[in-house]
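Asks: Give me the fold of what follows.
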Amino acid sequence: MTESDALRQVLATFLTGVTVVTTSGPDGPVGVTVNSFTSVSLDPALVLVCLKRSSGVRADFAEAKCFAVNILSEHQRSESRRFSRSAGKRLDDVPYRHGDTGAPLLTDALAYLDCELHEQIDAGDHVIVLGRVRDFGGPRPDVRPLVFYGGRYSSLSFYS
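Replies: Predicted coordinates for the structure are as follows:
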């Protein structure tokens, strides 16, 4: 096992949510599955996502002035898989609406954050994209989030 494979195994022990980050490119709306997402600041409201430099939609995000973070529900595994493949980046048959910034918001997402681009920072084989939150919505109380652990989708159980 290589050192990077061993590191990947360690990193996979951190439970993450799953998002599809969307923007409008020159050929229309695009999205990419991202689990490297976090809140940065509440004042001002900033979030970040990490995009692979080699991603097929990286050029769309490099030119975009806005983007949306769509937090997926446990019923959206197919969307997560679709936008994680290089061939499935278009929103052609995925229901969405445009947010206040113009970024595409997935209709069935658990929650969303509509952001204007704040800053992009080179970070190894990824680019850190910081966004200033301009609008947000959710969560839907009747739906659980889609989560990823150990290299696969998982489910949450809530106890009271």
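
Asks: you'd agree residue 79 is in a strand?
Replies: No: assessed by DSSP: H, G, I helix; E, B strand; the rest coil, residue 79 does not belong to a strand; its assignment is helix.

Asks: For residue 148, which residues count as its bridge partners?
Replies: Legend: beta-bridge partners of residue 148 under DSSP bridges are residue 16, residue 153.

Asks: pretty sure it contacts residue 18?
Replies: Yes: counting by C-beta atoms under 8 Å, residue 148 sits close enough to residue 18 to count as a contact (5.5 Å). Heads up, the C-betas are built off the backbone N, CA and C, glycines and all.

Asks: Look at those two and report which has more neighbours.
Replies: residue 18 (25 against 18; other C-beta atoms under 10 Å).

Asks: On the pLDDT front, check the more buried one for me.
Replies: Confidence at residue 18, expressed as pLDDT, is 94.

Asks: so where's this protein shaky on pLDDT?
Replies: Counting by pLDDT under 70, the chain shows low-confidence ranges at 87-88, 158-160.

Asks: can you rerun that using 80?
Replies: Low-confidence regions of the chain, defined here as pLDDT under 80, cover residues 1, 8, 11-14, 86-88, 140, 155-160.

Asks: for it, what spans make up the helices?
Replies: Listed from the start of the chain, the chain has helices (DSSP state H) covering 3-11, 58-63, 77-84.

Asks: Looking at those helices, which is nearest to residue 32?
Replies: helix 77-84 (5.5 Å; C-beta to C-beta).

Asks: What distance separates the opening and closing residues of stretch 72-81?
Replies: 11 Å (C-alpha to C-alpha, to the nearest Å).

Asks: neighbours around residue 8, how many?
Replies: For residue 8, the count of nearby residues is 12 (other C-beta under 10 Å).

Asks: got any residues that touch both of residue 148 and residue 18?
Replies: residue 35 (C-beta atoms under 8 Å, 6 or more residues apart in numbering).

Asks: In TSV: the helices of the chain, plus distance to residue 98.
Replies: Formatted as TSV, the helices of the chain follow (distance: least, C-beta to C-beta, whole Å):
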stretch	distance to residue 98
helix 3-11	34
helix 58-63	15
helix 77-84	18
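
Asks: mind checking which of those is nearest residue 152?
Replies: Once these are compared by C-beta to C-beta, helix 77-84 is nearest, at 10.4 Å.
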